[in-house]
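Asker: output the structure for:
(chains A and B)
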Amino acid sequence: GAVVSQHPSRVICKSGTSVKIECRSLDFQATTMFWYRQFPKQSLMLMATSNEGSKATYEQGVEKDKFLINHASLTLSTLTVTSAHPEDSSFYICSARELAGPQHFGDGTRLSIL
Amino acid sequence: QQQVKQSPQSLIVQKGGISIINCAYENTAFDYFPWYQQFPGKGPALLIAIRPDVSEKKEGRFTISFNKSAKQFSLHIMDSQPGDSATYFCAARNTGKLIFGQGTTLQVKP
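Answerer: Next up is the predicted model:
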């Protein structure tokens, strides 16, 4: 149980393009979802926290207009990287949590901006 | 302080040996301490977790030792196997958010 599916697993696009990443909890209701960013050989850095039906809470230094997060249902959250540039290239990982349970992570999305 | 300091950065262990990874924290408000295993190109997977009112937790070959007074906790992997080769992250939770350590790359040699 506790499967989190993230899609796409990899995306390559041109600079200036907006990219949407989906995160789904397949077998539980995710009251809270989290979005992380991970650079090569580095740790996970929390970008934002989203509760179903509420606006996301962004960590300090994360541009909310750049990284749009929507958590419209208890099983789906999306991260849209708007007008992506090469410096936005990274590994983006979502996680989902049911009530006060542990976080379960998706397999990440490798974003490459040319 | 919201940091979690993890060591060592990398670790090489012979098959059958014990792998030990250490983490330290400052914030006494942390209420949950999980360990995650991550393979290249994959998301982290929860291995084992402990709450601060418990000094040790064992699940199979994985054991967490927790020292509340020293604000330290460690992961022990007994009988390490080549399949355990991965990056391990400790984490600490405060107000529902996880703060991750810097990660330890473990290589288990056959």
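
Asker: any idea which residue of chain B lies closest to chain A?
Answerer: Nearest residue of chain B to chain A: B:Gly43, at 3.7 Å (C-beta to the nearest C-beta). C-betas here are computed from N, CA, C, even on glycine.

Asker: just to be sure, that residue is in a strand?
Answerer: No. The assignment for B:Gly43 is coil, going by DSSP: H, G, I helix; E, B strand; the rest coil, so no strand is present there.

Asker: residues from chain B in reach of chain A?
Answerer: Within chain B, the positions near chain A by C-beta under 8 Å from any C-beta of the partner chain are B:32, B:34, B:36, B:41-46, B:49, B:89, B:96-103, B:105.

Asker: one more pass at 10 Å, please.
Answerer: Chain B has residues B:4, B:6, B:9, B:32, B:34, B:36, B:38-46, B:49, B:87, B:89, B:91, B:93, B:95-103, B:105 near chain A, with proximity defined as C-beta under 10 Å from any C-beta of the partner chain.

Asker: number of residues surrounding whichever residue of chain A sits closest to chain B?
Answerer: Using C-beta to the nearest C-beta, the point where chain A gets nearest to chain B is A:Phe105, with a distance of 3.7 Å. The number of residues packed near A:Phe105 is 24, by other C-beta atoms under 10 Å in any protein chain shown.

Asker: with adjacent residues omitted, what lies nearest to it?
Answerer: When the adjacent residues along the chain are set aside, A:Phe105 lies closest to B:Gly43, with 3.7 Å between them (C-beta to C-beta, 6 or more residues apart in numbering or on different chains).

Asker: for that neighbour, what are its contacts?
Answerer: If you count contacts by C-beta atoms under 10 Å, 6 or more residues apart in numbering or on different chains, B:Gly43 has them with A:4, A:6, A:36, A:38, A:44, A:91, A:93-95, A:104-109, B:36.
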